[in-house]
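J.: prediction below, plus the sequence it came from.
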Amino acid sequence: MTIKLENLVKKMKLEVINKSSDYSNINIENDEINRPGLQFLGKFDKFVDGRIQIIGDSEWAYLNSLTEKEAREAFEKLLKFKFPCIIFTRNNKIFPFVFELAKKYDISILKSSDTSTKFIIELILMIDEELAPTLRVHGCLLDIYGVGVLIMGRSGIGKSETALDLISNGARLISDDIVIIKNINERLVGKSPNITRHFMEIRGVGIIDVQKMFGIGFVMEEKEVEIIVELVDWDESKEYDRLGIDYAYENLLGMKVVKFTIPVKPGRHTSLIIEVATRHFKQKELGYNPALELNKRIIEEKKI
């Protein structure tokens with residue numbers, strides 16, 4: 001996975017001071033950055049190629065304290081190495097010699113108005129998200145009682161209608177139909193494609209805008225996926241879990257996610273069952289398992 005430098009510039013709202021000849025083809029492969037203070041002092045022992053270079057207040061102040069000739073020489077030593085770009089933070093003035101050297105060494109020079117600390121944190125978070133392993137699934141992602149619930153099932157089984165019922169009861173919509181899931185630092189974070197954010201398709205009604213219809217408090221931009229609920233057609237020949245002592249799991253992007261399989265048939269209040277499954281999950285996360293408690297009572301009753 002990579003992110004194009006030009007896309008990084010757009011997402012981070014950077015000002016382009018100089019474009020290298022390969023600007024449109026530069027790809028960022030990791031979130032490692034470097035502040036070249038030591039390199040300006042001529043220390044390159046542990047310098048690693050390929051990292052974005054950040055010129056923050058400290059580096060800028062050091063260069064500004066030098067004569068133009070000294071600053072130029074210090075800067076030119078850095079440019080003899082290969083890296084994607086140099087970014088000046090805090091709207092610090094770009095030294096005149098930087099333009100000349102940027103053209104000479106064909107390097108992209110960018111500028112941010114943010115402080116170095118704020119910019120670096122946001123940059124790393126953005127790159128981590130962009131480079132994270134990604135999966136697109138058909139389903140609905142909701143926040144129910146603070147738990148991220150991914151509702152899945154065959155087309156036409158009633159995922160969106162069930163989700164709408166849950167939303168009318170206080171759940172919040174993250175995405176309907178397509179859910180983009182990323183494994184970010186061992187957390188499965190789901191969100192909606194930009195084009196369909198806040199929209200739902202309800203058969204017989206059409207497209208609805210959940211934010212406009214219910215209010216901003218009924219939508220979210222993203223949510224960690226903690227539970228998968230799979231809706232399946234009721235099959236009399238199958239035995240469904242009736243105790244819930246142990247969880248079933250599904251693997252998503254290398255992570256085990258708790259999974260409930262809920263059979264659907266006329267007369268079953270599917271949305272209520274999902275709410276109960278979510279509450280049940282929260283109880284077990286807090287250390288209370290009602291199936292084990294019932295079993296304990298049965299054993300104690302037999303002792304009497």
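T.: Looks like it came in fine.
J.: I'd like the next helix or strand past the helix or strand residue 274 falls within.
T.: Using DSSP states H and E, the element containing residue 274 is helix 270-285. Counting by DSSP H and E, the element after helix 270-285 in chain order, helix or strand, is helix 290-303.
J.: now that next one, how far from the chain's geometric center?
T.: 43 Å (CA atoms, centre = their mean, to the nearest Å).
J.: same question, stretch 82-99
T.: Here stretch 82-99 shows a centroid-to-chain-centroid distance of 29 Å under the convention CA atoms, centre = their mean.
J.: same question for stretch 197-207.
T.: The answer for stretch 197-207 is 25 Å, by CA atoms, centre = their mean.
J.: what's the answer for stretch 50-70, then?
T.: 33 Å.
J.: start and end of that stretch, how far apart?
T.: The straight-line separation of the ends of stretch 50-70 (CA to CA, to the nearest Å) is 25 Å.
J.: likewise for stretch 127-135?
T.: Terminal residues of stretch 127-135 lie 17 Å apart, using CA to CA.
J.: what mean pLDDT does that stretch get?
T.: Taken as a whole, stretch 127-135 carries a mean pLDDT of 93.
J.: list the contacts of that stretch.
T.: 1-3, 7-8, 11, 28-31, 180-185, 189, 252-254 (CB atoms under 8 Å, 6 or more residues apart in numbering). The way it works is simple: take the backbone N, C-alpha and C, and place the C-beta from them, glycine included.
J.: so residue 87 touches residue 108, yeah?
T.: No - Residue 87 is beyond contact range of residue 108, at 9.1 Å (criterion: CB atoms under 8 Å).
J.: so which of those two has more stuff around it?
T.: residue 87 (27 against 23; other CB atoms under 10 Å).
J.: which SS state does the more buried one fall under?
T.: Secondary structure, DSSP: H, G, I helix; E, B strand; the rest coil: residue 87 is strand.
J.: so the residue nearest to it when sequence neighbours are not counted, which of the three states?
T.: Excluding its sequence neighbours, the residue lying closest to residue 87 (CB to CB, 6 or more residues apart in numbering) is residue 110, at 4.6 Å. The three-state assignment at residue 110 reads strand, by three-state DSSP.
J.: look at residue 110 and report its pLDDT.
T.: The model reports residue 110 with a pLDDT of 97.
J.: need the contact list for residue 153.
T.: Residue 153 neighbours (CB under 8 Å, 6+ apart): 139, 159, 230-232, 264.
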